[in-house]
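Enquirer: build me a model:
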Amino acid sequence: TVPTYSHTMASEKDHMSIVICGHVDSGKSTTTGRLLFELGGIPEREMQKLKDEAKTLGKDSFAFAFYMDKSKEERARGVTIACTTKEFFTDRYHYTVIDAPGHRDFIKNMISGASQADVALIMVPADGNFTTAIQRGNHKQGIVQGQTRQHARLINLLGVKQIVVGINKMDNTSPTPYLQSRFEEIAGEVVVMLKTAGYKEDKIKKEFPFIPISGWEGDNLVKKTEKMAWYKGPYLLEALDNLKAPERPFDKPLRLPLQDVYKIQGIGTVPVGRVETGILKPGCVVYFAPVSKKAECKSVEMHHESLEQAGPGDNVGFNIKGLSLKDIHRGNVASDSKNKPAAKCRRFYAQVIVLNHNNITDNYTPVLDCHTAHIACKFNTILSEIDPRNGSTKRKATQDTKLVLKKNQACMAVMVPQKAMCVEAYSEYAPLGRFAIRDMRRTVAVGVVKAVQFEGNGPEPTGKVKNKNKIQGEAFTRKDDFEWVGSLDTK
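Expert: A predicted model of the protein is given here:
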């Protein structure tokens with residue numbers, strides 16, 4: 001049975017978000033567009049328009065992709081920039097698709113997209129693009145780290161537990177199309193790549209389906225294809241239908257990191273994002289951290305349908321009264337003003353694993369990507385080096401000796417955001433407690449937040465602010481950090 005597409009199904013089915021990622025040109029947008037087209041998500045008429053438009057731009061094969069890539073620039077370049085969301089239904093689930101950009105210039109958009117996903121579909125091209133998609137990257141020789149490899153690492157760090165691997169462009173393998181040997185060779189390499197990204201081998205082999213597909217021809221997307229009789233596993237839609245929906249934290253207080261804020265005519269200000277924990281209802285007075293602004297939520301909607309309430313995992317827009325686009329931004333966190341509202345973070349204690357950097361020291365200030373925020377944070381004090389596998393302490397810093405960290409080492413550090421930021425302890429609100437650190441246009445480290453000192457809580461910093469005019473974090477000294485961490489009981 002080919003699942004039919006209808007709007008009434010949305011409410012009864014479990015809701016899942018899927019992020020589609022992979023190297024630029026591995027066929028993410030084309031496959032997603034095709035999937036939605038096959039499931040009736042794209043009207044025939046619109047498809048014809050897109051085909052004509054693709055022709056005039058001289059990019060015939062981009063017709064399906066154009067459905068996902070809305071903006072002029074995206075269509076002209078044939079590259080996805082923003083994360084777009086669309087929906088489709090399988091027999092068991094209601095899926096929201098987040099098509100993430102693959103170009104490395106846009107990787108921070110990919111991070112905001114992946115931080116909202118339950119499942120990742122990793123696209124790997126079976127044609128010549130494959131080697132660039134997963135190459136290791138060597139900074140000295142200027143070899144760029146392949147996007148797919150970088151994405152796989154990020155998805156793991158952002159806590160996406162379930163993966164489906166689509167080996168795409170099977171219609172384009174050489175010397176002949178649909179080669180089983182090519183599929184197996186690539187699957188083998190992807191297993192190795194996922195292992196280095198931090199997934200466990202037995203989990204990969206048991207739980208992650210590897211599917212040979214062709215997004216352009218539509219093979220193995222919504223039904224089994226005859227062209228690859230050698231493949232015995234599930235087709236894509238079937239594989240997505242077999243996944244388990246993750247546990248949803250309904251009972252925690254509301255946390256909803258904003259992905260974007262729109263101004264919509266006749267409605268007003270509409271922040272958009274995914275509910276991570278708790279429940280958002282119309283009538284609730286929403287408190288935005290770290291900007292400390294309150295507003296009443298007038299209505300909540302998902303895919304243009306209003307909801308009585310939105311729970312964890314729902315990507316929603318909600319209309320608020322009395323705040324403009326200047327007041328709230330991407331990266332702010334919405335919470336319920338009456339139930340443990342979120343707060344601005346003064347400094348936080350984190351466990352950081354270094355992936356790709358050979359000199360991380362105190363005062364290093366890279367950009368942190370946490371939920372949808374991208375904000376510079378300073379390594380104020382690195383307190384100890386730990387074993388990345390089990391977390392046991394290897395070396396301790398003292399008041400006088402500082403630690404330097406290299407690739408594949410891990411540490412406990414106190415970090416100070418240089419601008420207003422909202423993070424939470426990983427143990428309380430996991431999605432707001434993990435982060436990636438990016439520098440030199442690649443992910444250099446990742447971490448989780450162990451404890452946070454929120455606004456309004458002491459101790460106060462004893463250091464002096466050197467340059468009053470510069471935007472910066474608070475002047476906590478080394479001694480302050482040692483004392484604060486000493487007072488925490490995070491064992």
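Enquirer: show me what contacts Leu323?
Expert: 269, 288, 293, 295 (C-beta atoms under 8 Å, 6 or more residues apart in numbering). To be clear about C-beta, it is placed using only N, CA and C from the backbone, and glycine gets the same treatment.
Enquirer: quick check: which element contains the second one?
Expert: Secondary-structure assignment from DSSP states H and E places Phe288 in strand 285-289.
Enquirer: what mean pLDDT does the strand or helix carrying Asp480 have?
Expert: According to DSSP H and E, Asp480 maps onto helix 478-487. The pLDDT scores in helix 478-487 average 90.
Enquirer: now swap in stretch 267-280 and tell me
Expert: For stretch 267-280, the mean per-residue pLDDT is 90.
Enquirer: name the residues of the helix holding Asp480 that come out as buried.
Expert: Buried residues in helix 478-487, counted by 16 or more other C-beta atoms under 10 Å: 478, 480-482, 484-485.
Enquirer: then stretch 262-275?
Expert: Of the residues in stretch 262-275, 269-275 count as buried by neighbour count, 16+ other C-beta under 10 Å.
Enquirer: strands of the stretch 251-400 of the chain, residue ranges please.
Expert: All strands of the stretch 251-400 of the chain, identified by DSSP state E, counting those that start in this stretch, fall at 256-264, 268-274, 285-289, 293-302, 305-307, 315-320, 333-336, 345-354, 367-370, 373-386, 393-396.
Enquirer: just how off-centre is the longest one within its chain?
Expert: Mean C-alpha position of strand 373-386 versus that of the full chain (C-alpha atoms, centre = their mean, to the nearest Å) differs by 21 Å.
Enquirer: the stretch 101-250 of the chain: helices as residue ranges?
Expert: Here the stretch 101-250 of the chain has its helices, by DSSP state H, counting those that start in this stretch, at 107-114, 130-134, 147-157, 180-196, 201-207, 236-241.
Enquirer: ok, now how distant is Phe435 from Phe288?
Expert: 20 Å (C-beta to C-beta, to the nearest Å).
Enquirer: same deal with Ala54?
Expert: Counting by C-beta to C-beta, the gap from Ala54 to Phe288 is 41 Å.
Enquirer: run a quick neighbour tally on the closest residue to Pro312 other than its chain neighbours.
Expert: With sequence-adjacent residues excluded and distances taken as C-beta to C-beta, 6 or more residues apart in numbering, Pro312 is closest to Arg248, at 4.1 Å. Arg248: 17 surrounding residues under other C-beta atoms under 10 Å.
Enquirer: quick one: pLDDT of the residue nearest to Gln180 when sequence neighbours are not counted?
Expert: Leaving aside its sequence neighbours, Gln180 sits nearest to Trp230 (C-beta to C-beta, 6+ apart; 4.6 Å). Trp230 carries a pLDDT value of 91.
Enquirer: wait, doesn't Trp230 sit right on Arg182?
Expert: No - checked against C-beta atoms under 8 Å, the pair Trp230 and Arg182 is beyond contact range at 11.5 Å.
Enquirer: what's the overlap in contacts for these two?
Expert: Between them, Trp230 and Arg182 share no contacting residue, judged by C-beta under 8 Å, 6+ apart.
Enquirer: between the two, who's got more neighbours?
Expert: Comparing Trp230 with Arg182 by other C-beta under 10 Å, the one with more neighbours is Arg182, at 21 against 12.
Enquirer: now for the closest residue in space to the more buried one that isn't next to it in sequence, how many residues are close by?
Expert: Distance criterion C-beta to C-beta, 6+ apart; nearest residue to Arg182, sequence neighbours excluded, is Thr173 at 4.4 Å. Residues near Thr173, counting by other C-beta under 10 Å, number 23.
Enquirer: repeat for the one 5 residues further on
Expert: In terms of burial, Tyr178 registers 21 neighbours under the definition other C-beta under 10 Å.
Enquirer: now swap in Ala445 and tell me
Expert: Ala445 has 27 neighbours, counted by other C-beta under 10 Å.
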